[in-house]
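A.B. asks: Sequence first, then the predicted structure:
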Amino acid sequence: MCPPTYFDVVYAINDWMSPGEQVDRPRALAQWHTLVDTYRALGHEVVVIDAVEGLPDMVFVTDSGVVVDGVALGARYRCAQRRAEAGHVLRWFRENGLLTPRSPRFVNEGEGDFLVVGDVILGGTGFRSDPRSHAEAAAHLGRPVVPLTLVDSRYYHLNTALGVLDDATIAYLPAAFSPESLLLLRRMFPDAVIADESDTQWLGLNLVSDGLHVVLPEQATRLSDQLVDRGYDPVPVDYSEFLKSGGGIKCSTMELRGYRQFCEMGS
């Protein structure tokens, strides 16, 4: 995670952003600390990368890479405003023992568009990540990548339209996907939780789950009720200040899969 020390809205690179909109930075910092405390209370380790002045979106660190079994793939941003973030995170990978950290050839926006579900990776495209990045990620990370096309610019990253609940279950917004991708999702995940825009307008699918506890926006009440019905334990958090930049809980949380297990073995 990366603190929102310099969080601001000074440019527009998605439909949620309005340059000049006032950001309450103390409120954003308080909400971020609450999220960190929530993860720790659930028993998860949180490691922090330093914020960098001049990079107001670096708090959304999940877009800067993907880690699977300790192997790290960096990001290459489509938007010039965020490109420098990737280098800082790749350097962190290299300095903290991640395996074979690599900068990609093709545009990919990390866990913004790559979501791990069990032994496969769902790969989003349509607005940010290059379709060619899917094969590149599969080769480096050793997992097949299933391509999914996004068609609604409000849901510009896969993690705004789809959330991973456990190794076999997802939640998603059907209207965000092309007809072909929707058929694929229905075939792969017939028991998926289906969200609607009463929740996704709060980025309710931009969630983080450990397979039981699902940390999600407190405003996503319908989705929360569905999760209870499915046996999950919703953990609501107010993260609304970050909606001004089109970011949410998952955007702020890169999952370092195998970081301790595989990297310490390698060392």
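C.D. replies: Received it, and whenever you're ready, just let me know what you need.
A.B. asks: and Leu122, which of the three is it?
C.D. replies: Using DSSP: H, G, I helix; E, B strand; the rest coil, the structure places Leu122 in strand.
A.B. asks: ok, it to Val193 distance?
C.D. replies: Distance of Leu122 to Val193, given as CB to CB, to the nearest Å: 15 Å. (Glycine included, C-beta is placed from N, CA and C.)
A.B. asks: neighbour count winner among the two?
C.D. replies: Neighbours around Leu122 and Val193, counted as other CB atoms under 10 Å, are more numerous at Leu122. The numbers are 25 against 19.
A.B. asks: Would you confirm that the more buried one contacts Ala161?
C.D. replies: No - using CB atoms under 8 Å, Leu122 is not in contact with Ala161; the gap is 10.5 Å.
A.B. asks: List the buried residues in stretch 6-14.
C.D. replies: Tyr6, Phe7, Asp8, Val9, Ile13, Asn14 (16 or more other CB atoms under 10 Å).
A.B. asks: can you check stretch 251-264 too?
C.D. replies: Buried residues in stretch 251-264 (16+ other CB under 10 Å): Cys251, Ser252, Thr253, Met254, Glu255, Leu256, Arg257, Gly258, Tyr259, Phe262, Cys263.
A.B. asks: what's the answer for stretch 25-36, then?
C.D. replies: For stretch 25-36, the neighbour count (16+ other CB under 10 Å) marks Ala28, Leu29, Gln31, Trp32, Leu35, Val36 as buried.
A.B. asks: sorry, back to before: got the buried residues of stretch 6-14 as TSV, with secondary structure and pLDDT columns?
C.D. replies: Formatted as TSV, those follow (DSSP: H, G, I helix; E, B strand; the rest coil; pLDDT from 0 to 100):
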residue	secondary structure	pLDDT
Tyr6	coil	98
Phe7	coil	98
Asp8	coil	97
Val9	coil	97
Ile13	coil	97
Asn14	coil	97
